[in-house]
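>>> Pasting the sequence and the predicted coordinates here, then a few questions.
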Amino acid sequence: MSDNHALMTDAETPPKKSWLLKILGWLVSIIILIVVAQFIAGLKSDQKTKFVNESHSLAETACAGDAACLDAVKSKFEVCLELHSESHKTGKFGRKYTLHKEEFLSCMK
C-alpha cells in the first residue's frame, strides 16, 4: 500500500523547471516589455513629428513664396513653435498638440 501511495504523490507533483528554462522565461518577458515600451515611445514621437511638420508647412504656405519670410521661418521656427504651441496628455499614452495659429504666424514675421 505504501508503494501505491508514493506513486500517487509523485504523479501529483509537477516536474520542476530547470534554472536555464527559468532564465529564458525571464529574458523573453523582459524583451517583450522593452518592445512594447519602444512601440509606445515611437507612437509619441510620431505624433510630435507630424505636428512639427504640419506647423512648418503652415508657416511656409503663409509666406506665399516670399524669400525674406522663408528665411525667417528657417531661423525663428523652433522658437515660435515652442512659444505658441501646447501639449497635454490624452489618455494613458497619447499627447495632443495644439497651435495658436495667429500668434504663431505673427511671431514668424
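Noted; the coordinates are in hand.

>>> So which residues of the protein form strands?
Counting by DSSP state E, the chain has strands at residues 85-90, 94-99.

>>> Now do the same contact list for residue 85.
51, 55, 97, 98, 99, 100, 104 (C-beta atoms under 8 Å, 6 or more residues apart in numbering). In this view, the C-beta of every residue, glycine as well, is placed from N, C-alpha and C.

>>> OK, contacts around the nearest residue to the fourth one once chain neighbours are set aside?
Residue nearest to residue 98 in three dimensions, not counting chain neighbours: residue 86, with 5.0 Å by C-beta to C-beta, 6 or more residues apart in numbering. Residues touching residue 86, when contacts are defined by C-beta under 8 Å, 6+ apart, comprise 97, 98, 100.

>>> Now rank those by neighbours and give me the top one.
Highest neighbour count within the contacts of residue 86, by other C-beta atoms under 10 Å: residue 97, with 16 neighbours.

>>> sorry, back to before: possible to save the contacts of residue 85 as TSV with distance to residue 61?
Shown next, in TSV, are these (distance: C-beta to C-beta, whole Å):
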residue	distance to residue 61
51	16
55	11
97	18
98	19
99	14
100	17
104	13
